[in-house]
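Engineer: One predicted model, sequence on top.
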4 protein chains.
Amino acid sequence: MTQPAECPEFVEIAKRVNNWGRWGADDEAGTLNLVTDHTVRAAVATVRTGRTIALALPLQQDGVQTGMIPGRVNPLRTMVALNLEMFGPGTVATSDDVVTMGLQAGTHWDGLAHVSHSGKLYNGRPADTVTAHAGAAFAGIQKGRPLVTRGILLDVARARGEERLAGGHVVTPEDLAAAEEFAGSRVAPGDAVLIRTGQLRHYLQGDKNAYAFPSPGLSLRTPEWFHARDVAAVANDTLTFEVFPPEIENLWMPVHALHLVEMGMRQGQNWNLEELSEACAGEGRHTFLLTAQPEPFTGGTGAPVAPVAVL
Amino acid sequence: MTQPAECPEFVEIAKRVNNWGRWGADDEAGTLNLVTDHTVRAAVATVRTGRTIALALPLQQDGVQTGMIPGRVNPLRTMVALNLEMFGPGTVATSDDVVTMGLQAGTHWDGLAHVSHSGKLYNGRPADTVTAHAGAAFAGIQKGRPLVTRGILLDVARARGEERLAGGHVVTPEDLAAAEEFAGSRVAPGDAVLIRTGQLRHYLQGDKNAYAFPSPGLSLRTPEWFHARDVAAVANDTLTFEVFPPEIENLWMPVHALHLVEMGMRQGQNWNLEELSEACAGEGRHTFLLTAQPEPFTGGTGAPVAPVAVL
Amino acid sequence: MTQPAECPEFVEIAKRVNNWGRWGADDEAGTLNLVTDHTVRAAVATVRTGRTIALALPLQQDGVQTGMIPGRVNPLRTMVALNLEMFGPGTVATSDDVVTMGLQAGTHWDGLAHVSHSGKLYNGRPADTVTAHAGAAFAGIQKGRPLVTRGILLDVARARGEERLAGGHVVTPEDLAAAEEFAGSRVAPGDAVLIRTGQLRHYLQGDKNAYAFPSPGLSLRTPEWFHARDVAAVANDTLTFEVFPPEIENLWMPVHALHLVEMGMRQGQNWNLEELSEACAGEGRHTFLLTAQPEPFTGGTGAPVAPVAVL
Amino acid sequence: MTQPAECPEFVEIAKRVNNWGRWGADDEAGTLNLVTDHTVRAAVATVRTGRTIALALPLQQDGVQTGMIPGRVNPLRTMVALNLEMFGPGTVATSDDVVTMGLQAGTHWDGLAHVSHSGKLYNGRPADTVTAHAGAAFAGIQKGRPLVTRGILLDVARARGEERLAGGHVVTPEDLAAAEEFAGSRVAPGDAVLIRTGQLRHYLQGDKNAYAFPSPGLSLRTPEWFHARDVAAVANDTLTFEVFPPEIENLWMPVHALHLVEMGMRQGQNWNLEELSEACAGEGRHTFLLTAQPEPFTGGTGAPVAPVAVL
């Protein structure tokens, strides 16, 4: 394997996109700082029809996880009460559920503490500030302002005239630029960028293994593209987020390291962008109000989210 | 105990607020049908400053549950990977969490199948369509359009000049009308109504038991008030939602039965309305865009939600 | 499918093996009543060398479950504390784990309430005495005397000179008689009978799917054989316990129904009998002291067990 | 707080009881090595009546944990199938449960990797061999021979003529010697010693808080007593095992550190010794066959156990 610190290309990019100290030495929110009240007003201003589109996959035992990632279990929802007449026969009855699930199992945000490299988290904090007992004591998923901002769909698959990018397709800055062109809008500071590869169609068609691997995904050259535009967050419709297997042999998860550790930027995975893609193409516009506040697990290194695009 | 079917007052109200068949015999969404694209546009039009306020409590072991409700366990978030260098020493490392929690344990929506009475769920379906195996086969929390609509805060505590309503205070239609007057806006069809009692301050100040019981909460006369205004959903800042102990001796959870079963209207509990209350009072307006899409658990009788008010 | 009540062969056998009322109308222990202090002394008297052999599979994420049985999840053990210095830096540190698992996921006993047929549990109790809230209110796995008794290995595979019975091999009373002959001991009242098919070798060799299905297993004619000998409990080394697919087309799980419901006899599954088989063959004797007390989950319909044979 | 390495008394005792290297540098079983086939035969020879007594508490939501120990949650058993007719209406129906629980929540063994001090586990291994991902890679609870051996009850409470030792009572070597005298048998190499304080009566009488704290328990001088006698394992009827608060101010959990780290000896907690106490006193003998094999969780730092004493 290749260690990121020993890969010159990674090291160079890391320097250029690094945000440590940018919002203070104690900042735990990273690029979420780029969302302001002004951004939200701009986001609201994009709404025209009021149509709302949910972007989360159903949370269920038959979810996207295949067992490839150890411990990241699909949601198991069980009943602890079933029409229980707690106050006596014939009284009002309640049903209650309990769930066990990986916080990163379904449609989720990776929080900044989800990844470390070279012993460091975002803002230079030691990796071991994440503990079994407290989770992410620094930069837990519950930190920072609510994630409501302008969303922009970069529909790479559709822009290329493909239903679904090939497994292993490297989504490059050039792909992003072409999709931006196709979108007819410019990515702006504070935006959440949703990148569609079409890969999720594998899962929707019942083939989890094809969905998991090999996967199209982001190139390690894209973080600079996002950095240049001061993007607040990026999400896509894959399990791995970045291209899998990786572009540089044995350099695993460089995009995770650049986004989460160097930039302090949340990443979204397993987002369902299919209906949104149809809607944006139909209306000929690709910006909208995006509400995507993660469940605020104290110390979470990530969290499920039920995002909604408001068009 | 008193069975709802044998309580004349309950039976009379139930008849008046009943929505069975209103959106078709197969409808599983209930009053969520009252939210339309038009409603969303009206909601968006309320936004002025772009300030966003998160309304969810942190999800953590030290949550609001006290053990009073059997099986409804506070979130236990644990680590399954901690800076795990999955691809070899020195490579990018990941941390992953798993959670076990009651779906109704923290800030949540009760789904329509959470409650039955007299053997029936919303729209007259048999209560036993909820099963251990599948959960709510009918009217699961994942059904219906995304919950994004106009929110209106009825700040009953502040309107009465109280920091917090007394435990056992019955929130009446008259209280709601006074709070609406105080809000300076009218409740409109498709609105989500957030009712503040101040009861959550007990929990925020570290006293869970006082938070749980006795609790101020809604009167069984309020469902008619909501029904008359065609409200889409109602949430408040209590554990029990309705007044506890109940108004009519031994008639337990009548408001749950009227909202969920008769009207098909979601209820929200354990919402943190403190910051919102300050903001609305400060700005002198009480309407906003509310995004409150529940986590889409297939068959869930309820679900956690991370609501955000956009002012 | 075929309903047991409509299958004459099943109905006839059920009548002959039925133990309802045998130990009183309120009995919740079933054939465990056949174990007495005398039985235990006889079991102890079989011990010669003091060699102990553990019969449980490791409890781990990579367990025997394949997802075929909905909700029966393999054990997920995670850390909630990792060398946590709870009392300050440098003090004694503790590590703590939490597990989520199906009670019937690994090496386990099926309790009497695990199965119902025709609306009834053991001793004629209504099936609906099992609830989401309380589990098995009647005949939960925690009931009855500790399961320590004489064990006898019926090594059907070895007696037939096979390493492993073929998938779908029906273990008949004749097979049992031949294995008893091979064992050189008679099955006695109060015994726990361990039946080895060799099927577990599939799992031990890494092929879970082959282990699950098709499986050799007990014939619906064997319950009479056990009944005639007043056996206390039966366990084997398969996932399905009985032959799968079933002998009578579409008559699913008749042996479960006969053992658990009609006889009130616990069944063990996923027991690792490989080392025991070697030991018994090596020593030329097949009886031993068996300690196999299930974890006493209140209301459990089954439970994990860590059985040990003492030779 | 006091660090063990800086407390001369602790350091001296640690030297005297240390077993590192005694069974080889790679040994993961510790004092379990003291149990031999010979020990088991001796244990079996103690059996006279065949009476069996279960020593585990019921596993249930209303267990002994009070929330004092973060993350160590009481068992939550829920249903994933409830009389589910998997193969069609009228077919044999199954009920299945799932549990979430702390491995150290109920009646359990602490495994050797449950505790570290001064950065070390048993046999000098680094504490960080315990990981979130794999649990205890070294000396997990699944290691070593089955725990079946001779048990001896040292009924300290009864020997002192007390129903229950006072909270904070320090169980000294002198207490143990007196209880041994009372027992009328000598502790022998390979024995599992069960020490009764009567503290569990608080829990059995419904007072969990009194059970938890303050607690009678073992003195840090007792490990030498066990070491001198080559005891295999020690269990008692308290939550904290050792006296709480501790004997030496701010020296927390020294007995844990001595037993688990220095000696490599398992500890049992929350064992129900009440019925056993009555039986031993009634029969005038205090030795028996003890079967106490933990559930074999791979990498577990501890595990639930369902011990049985055979008299």
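Structural biologist: Yep, it's here.
Engineer: Is there any residue in stretch A:112-132 that contacts chain C?
Structural biologist: Yes. Stretch A:112-132 lies within reach of chain C by C-beta under 8 Å from any C-beta of the partner chain, at A:Thr131, A:Ala132. C-beta here means a position set from N, CA and C on the backbone, and glycine is covered the same way.
Engineer: what is the mean pLDDT for that stretch?
Structural biologist: Per-residue pLDDT over stretch A:112-132 has a mean of 97.
Engineer: right, and A:Met253 touches A:Glu247 too?
Structural biologist: No. Assessed by C-beta atoms under 8 Å, A:Met253 is found out of contact with A:Glu247, at 11.5 Å.
Engineer: So these two - more neighbours on which side?
Structural biologist: Neighbour totals were compared for A:Met253 and A:Glu247, and A:Met253 leads with 23 against 19 (other C-beta atoms under 10 Å in any protein chain shown).
Engineer: how about that one, what does it touch?
Structural biologist: A:Val115, A:Glu242, A:Pro246, B:Phe87, B:Thr91, B:Val92, B:Thr94 (C-beta atoms under 8 Å, 6 or more residues apart in numbering or on different chains).
Engineer: Can you tell me, leaving aside adjacent residues, what's nearest to A:His117?
Structural biologist: Excluding the flanking residues, the one nearest A:His117 by C-beta to C-beta, 6 or more residues apart in numbering or on different chains is A:Ala257, at 4.4 Å.
Engineer: I figured the one you found was touching A:Phe10, is that so?
Structural biologist: Yes. If you go by C-beta under 8 Å, A:Ala257 and A:Phe10 touch, sitting 7.5 Å apart.
Engineer: shared neighbours, those two?
Structural biologist: With C-beta under 8 Å, 6+ apart as the test, A:Ala257 and A:Phe10 both reach A:Pro4.
Engineer: So which of the two has more stuff around it?
Structural biologist: Using other C-beta under 10 Å as the criterion, A:Ala257 and A:Phe10 rank with A:Ala257 on top: 28 against 22.
Engineer: Now do the contacts for that one.
Structural biologist: Counted by C-beta under 8 Å, 6+ apart, A:Ala257 has contacts A:Pro4, A:Phe10, A:Ala14, A:Val115, A:His117, B:Val92.
Engineer: roughly how far apart are the residue nearest to A:His117 and A:Leu121?
Structural biologist: 11 Å (C-beta to C-beta, to the nearest Å).
Engineer: what is in contact with those two at once?
Structural biologist: A:Val115.
Engineer: A:Val234 and A:Val193 touch, don't they?
Structural biologist: Yes. With contacts defined as C-beta under 8 Å, A:Val234 counts as touching A:Val193 at a distance of 4.8 Å.
Engineer: what's the overlap in contacts for the two?
Structural biologist: By C-beta under 8 Å, 6+ apart, the residues touching both A:Val234 and A:Val193 are A:Phe226.
Engineer: and the closest residue in space to A:Asn270 that isn't next to it in sequence, what is it in contact with?
Structural biologist: The shortest distance from A:Asn270 to any non-neighbouring residue, by C-beta to C-beta, 6+ apart, is to A:Thr107 (4.8 Å). Taking C-beta under 8 Å, 6+ apart, we find A:Thr107 in contact with A:Leu55, A:Ala56, A:Leu57, A:Gly268, A:Gln269, A:Asn270, A:Trp271, A:Asn272, A:Pro304, A:Val305, A:Ala306, A:Pro307.
Engineer: any idea how far A:Thr107 is from D:Ala5?
Structural biologist: A:Thr107 is 48 Å from D:Ala5, by C-beta to C-beta.
Engineer: And the helices in the stretch 1-150 of chain A?
Structural biologist: A:8-17, A:37-45 (DSSP state H, counting those that start in this stretch).
Engineer: Show me where the stretch 1-150 of chain A dips below the pLDDT cut-off.
Structural biologist: A:1 (pLDDT under 70).
Engineer: For the spatially most central residue of chain A, give the beta-bridge partners.
Structural biologist: For chain A, the residue nearest the mean C-alpha position is A:Gly268 (0.5 Å; C-alpha atoms, centre = their mean). According to DSSP bridges, the residues that bridge with A:Gly268 are A:Trp109, A:Ala235.
Engineer: Highest mean neighbour count out of the helices of the stretch 1-150 of chain A?
Structural biologist: Among these, helix A:37-45 has the highest mean neighbour count (mean count of other C-beta atoms under 10 Å in any protein chain shown), at a mean of 19.
Engineer: For that one, name the packing helices and strands.
Structural biologist: strand A:148-155, strand A:287-291 (3 or more C-beta pairs under 8 Å, 6 or more residues apart in numbering or on different chains; DSSP states H and E).
Engineer: ok, now with 10 Å
Structural biologist: Judged by 3 or more C-beta pairs under 10 Å, 6 or more residues apart in numbering or on different chains; DSSP states H and E, the packing partners of helix A:37-45 are strand A:148-155, strand A:287-291, helix B:37-44, strand B:308-310.
Engineer: how much space is there between the residue in chain A sticking out farthest from the centre and chain B?
Structural biologist: Farthest-out residue of chain A from its mean C-alpha position, per C-alpha atoms, centre = their mean: A:Pro89, at 47.2 Å. Using C-beta to the nearest C-beta, to the nearest Å, one gets 8 Å for the distance from A:Pro89 to chain B.
Engineer: Likewise for A:Asp62?
Structural biologist: Distance from A:Asp62 to chain B, by C-beta to the nearest C-beta: 8 Å.
Engineer: wouldn't that residue be in contact with C:Gly71 here?
Structural biologist: No. Between A:Asp62 and C:Gly71 there is no contact under C-beta atoms under 10 Å: 11.3 Å.
Engineer: Which of the two has more residues huddled nearby?
Structural biologist: C:Gly71 (23 against 13).
Engineer: Which residue does the stretch 101-250 of chain A have closest to chain D?
Structural biologist: Using C-beta to the nearest C-beta, the single residue of the stretch 101-250 of chain A nearest to chain D is A:Ala132, 5.4 Å away.
Engineer: check contacts around that residue.
Structural biologist: The contact partners of A:Ala132, taken as C-beta atoms under 10 Å, 6 or more residues apart in numbering or on different chains, are B:78-80, B:82, B:95, B:97, C:78-84, C:95-97, D:71, D:130-132.
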